[in-house]
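Novice: Quick one: sequence plus predicted model below, questions after.
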Amino acid sequence: MPKINKNIICDSKEMDRILARIAAEIVARNKGCRKLALVGILTRGVCLARRLQGIIREISAQELSLGILDITLYRDDLANATHHPVLRKTEIPFSLDGATVVLVDDVLYTGRTVRAAMDGLIDFGRPQSIQLAVLVDRGCRELPISADYIGVEVPASPQDRVMVRFKESDGFDLVTVTPRSAFQGE
Amino acid sequence: MGFRRKDLLGTRDLSAVEIRTLLESAESFKEIAERPLKKVPALRGKTVVNLFFEPSTRTRTSFEIAAKRLSADAVNMSASTSSVVKGESLVDTVDNLQAMAPDIIVVRHKFVGAAHLIAGRIGASVVNAGDGANEHPTQALLDLLTISEHKKLEPGLIVAIIGDIAHSRVARSNIWALTTLGVTVRVCAPPTMLPRGLEEIAGVKVCSRPEEALEGADVAMMLRIQLERQDRLLFPSVRDYARIFGLNRQRLEIAHPDAIVMHPGPMNRGVEITSEVADGKRAVILNQVSNGVALRMAVLFLLGGQGS
């Protein structure tokens, strides 16, 4: 099997450090906010949101509400998808009216997922504001969307493959980028 | 993977994987009914035509609500107001509909195979909402969804279906779907209401007395006695039927202590089921109705965009 040249962007230790920084930024920016909530976008955004919830509990003794959002029904490419992706359950067990919501996802790329997620959130109520936290911003936006909290910026081309792995879902923490050139030898 | 059909015509040819995919998707759609804003944009711009050649309130309304909650445009056509009364044939009606480019057609017709005929002529997806005494797949699937809220759908589970099996498309669709999942189905009816050959289906046991069917059963599914068929002398009298086959409290005690009671509606209270049981703690009859909307949303969603 040919060895594929993967670049490790961050390992477990580095990820812990990054998440601690994002958590601190969220706390600092929303000081005095009475209704602060985290909403993770399925699947890995939820892992990330749970981690942030835990860190924030430790550093500021605040217990933030946690919601889970499945954006499948809000996707803009449903009509031409050859088969439907598996639908999972959205769970937002608290009122979003007047809340400050931090939307959490693993990778920010075209911005279409975030657009769909915002449409989804607004169907549940009228948040005071929506902020966006991502572990990796890989650029190549197709919509005017930017993140408020960014773990790492990885300038990648659309052909590159960015992968995020979490202990909870995959057994280990890792972010890698596999450049396009690595596939050409395959 | 999952469910990749153009049409849903019956449960007979569905695989266990397809059934479970439909049920899991429906599970996710339940949540939408609890939102303040009960609408998602998934089928925006799609047209769903409800083509009902037989009277129906529950099923048609359920499909209409399901389509609207997915943002599809739902159009209702019923035989009494359509050109059918002017003598148009089914094929002509369908060709005319096709010319208006709908995406999904939900059809109910008194003839077996009507939905299959339409599906073969048209590019749109077709959902069978009842064809004669043959199949009513979405009712069976919503029944399975309701059972799965209380019991595990797996070998070992016992479902008793009691009533007019011969004329029931609900019974047929349930028998196919349940046996595909390995569930044991006991059927019980007066001999005039039992189709031949049932016992040859793997997993089906024919019982002559309701007590035999109910013993230790996890689910008691009662079917509607079609009183309008009374003139065909399928049973001596309504009172006799109620006494021998009706589900009352005493009879329900023969079933498993946690057994649930189901009925596809509309109910004849005091005939196939007593009010005491129908309104009792173990009845899940209204859950069936709520689940019907979620299940039909899943069906429309999974079919939407598959046709052309």
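Specialist: Received the coordinates, thanks. Note that the coordinates shown come from a computational prediction; the quantities given were computed from them, not determined experimentally.
Novice: For the rest of this, base every contact and every neighbour count on C-alpha atoms.
Specialist: Noted.
Novice: Quick check, pLDDT for the closest residue to chain A within the stretch 151-300 of chain B.
Specialist: Chain A sits closest to residue B:298 of the stretch 151-300 of chain B, with a gap of 9.3 Å, by Cα to the nearest Cα. Listed pLDDT for residue B:298 reads 96.
Novice: Is residue B:3 located within a helix, as I assumed?
Specialist: No: counting by DSSP: H, G, I helix; E, B strand; the rest coil, residue B:3 is located in no helix; its state is coil.
Novice: Let me know how buried it is, in neighbour terms.
Specialist: Using other Cα atoms under 10 Å in any protein chain shown, residue B:3 has 18 neighbouring residues.
Novice: May I have the helix or strand where residue B:213 lies exported as PDB, CA atoms only?
Specialist: For residue B:213, the host element (DSSP states H and E) is helix B:210-214. Output in PDB follows, covering the C-alpha atoms of helix B:210-214 (Å, rounded to 0.1, in the frame of the first residue of the first chain):
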ATOM      1  CA  PRO B 210     -59.100 -15.000  20.500                       C
ATOM      2  CA  GLU B 211     -58.000 -16.400  23.800                       C
ATOM      3  CA  GLU B 212     -55.500 -18.600  22.000                       C
ATOM      4  CA  ALA B 213     -54.200 -15.700  20.000                       C
ATOM      5  CA  LEU B 214     -53.900 -13.400  23.000                       C
END
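Novice: Could you give the average pLDDT over that helix?
Specialist: 97.
Novice: In CSV, list the C-alpha atoms belonging to the helix or strand just after it.
Specialist: For helix B:210-214, the following helix or strand on the C-terminal side (DSSP H and E) is strand B:219-222. Below are the C-alpha coordinates for strand B:219-222, written out as CSV (Å, rounded to 0.1, in the frame of the first residue of the first chain):
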residue,chain,number,x,y,z
VAL,B,219,-49.5,-6.6,21.2
ALA,B,220,-53.2,-6.9,20.6
MET,B,221,-54.1,-5.4,17.2
MET,B,222,-57.8,-5.1,16.7
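Novice: Could you measure from the spatially most central residue of chain A over to residue A:29?
Specialist: The centroid of chain A falls nearest to residue A:105 when counting by Cα atoms, centre = their mean (0.8 Å). Residue A:105 sits 19 Å away from residue A:29, going by Cα to Cα, to the nearest Å.
Novice: now swap in residue A:61 and tell me
Specialist: Residue A:61 is 16 Å from residue A:29, by Cα to Cα.
Novice: just residue A:106 next, same as before
Specialist: Per Cα to Cα, residue A:106 is found 20 Å from residue A:29.
Novice: Comparing those two, which residue is more hemmed in?
Specialist: Taking neighbours as other Cα under 10 Å, residue A:106 and residue A:29 compare with residue A:106 leading, 27 against 9.
Novice: what packs against the helix or strand where the more buried one lies?
Specialist: Using DSSP H and E, residue A:106 sits in strand A:100-108. The contact analysis (3 or more Cα pairs under 8 Å, 6 or more residues apart in numbering or on different chains; DSSP states H and E) places strand A:100-108 against strand A:36-41, helix A:44-60, strand A:129-137.
Novice: The helix or strand just after that strand to strand A:36-41, inter-axis angle?
Specialist: Note on strand A:100-108: by DSSP H and E, the next helix or strand toward the C-terminus is helix A:112-122. Per axes from the mean of the first three to the mean of the last three Cα atoms, to 10 degrees, the angle that helix A:112-122 makes with strand A:36-41 is 130 degrees.
Novice: Tell me the buried residues in helix A:112-122?
Specialist: Within helix A:112-122, the residues that count as buried by 16 or more other Cα atoms under 10 Å in any protein chain shown are A:112, A:113, A:114, A:115, A:116, A:117, A:119, A:120, A:121.
Novice: Give me the distance from it to the chain's centre.
Specialist: Distance of helix A:112-122 from its chain centroid, counting by Cα atoms, centre = their mean, to the nearest Å, is 12 Å.
Novice: quick one: low-confidence parts of the chain?
Specialist: You didn't say which chain, so I picked chain A. A:1-5, A:79-85, A:182-186 (pLDDT under 70).
Novice: meant chain B actually
Specialist: Within chain B, the segments meeting pLDDT under 70 span B:1, B:81-83, B:229-232, B:305-308.
Novice: if we go to 90?
Specialist: Across chain B, the ranges flagged by pLDDT under 90 are B:1-4, B:35-36, B:54-57, B:77-90, B:93, B:97, B:196, B:199, B:226-238, B:304-308.
Novice: quick one, domains of it?
Specialist: B:16-135+B:291-303, B:150-283 (automatic domain parsing).
Novice: can you list these in a markdown table and add mean neighbour count?
Specialist: Listed next are the domains of chain B as a markdown table, based on neighbours: other Cα atoms under 10 Å in any protein chain shown:
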| stretch | mean neighbour count |
| --- | --- |
| domain B:16-135+B:291-303 | 19 |
| domain B:150-283 | 19 |
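Novice: could I get those domains as TSV with distance to residue A:92?
Specialist: Shown next, in TSV, are these (distance: least, Cα to Cα, whole Å):
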stretch	distance to residue A:92
domain B:16-135+B:291-303	10
domain B:150-283	24
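Novice: Tell me the neighbouring strands of the strand holding residue A:106, and mark each as parallel or antiparallel.
Specialist: Strands adjacent to strand A:100-108 in the sheet, as given by DSSP bridges, are strand A:36-41 (parallel), strand A:129-137 (parallel).
Novice: Packed most tightly, which of those strands would that be?
Specialist: Each of the strands paired with strand A:100-108 was scored by mean neighbour count; the highest is strand A:36-41, a mean of 25, by mean count of other Cα atoms under 10 Å in any protein chain shown.
Novice: quick one: it to chain centroid distance?
Specialist: For strand A:36-41, the separation from the chain centroid amounts to 10 Å (computed by Cα atoms, centre = their mean).
Novice: thinking again about what came up before, quick one: contacts for the residue nearest to the centre of chain A?
Specialist: Counting by Cα atoms under 8 Å, 6 or more residues apart in numbering or on different chains, residue A:105 touches A:40, A:41, A:42, A:44, A:45, A:46, A:48, A:49, A:133, A:134, A:135.
Novice: can you tell me which residues contact whichever residue of the stretch 51-200 of chain B sits closest to chain A?
Specialist: Residue nearest to chain A within the stretch 51-200 of chain B (Cα to the nearest Cα): residue B:70, separated by 8.5 Å. Neighbour list for residue B:70: B:39, B:40, B:41, B:42, B:43, B:44, B:297, B:301 [criterion: Cα under 8 Å, 6+ apart].
Novice: So the first one, which state does it fall into?
Specialist: So the one you mean is residue B:39. coil.
Novice: Backbone dihedrals for residue B:48, please?
Specialist: Per-residue torsions, residue B:48: phi -110, psi 120 (degrees, to the nearest 10).
Novice: I'd say it and residue B:74 touch.
Specialist: Yes: contact criterion Cα atoms under 8 Å: residue B:48 and residue B:74 qualify, at 4.8 Å.
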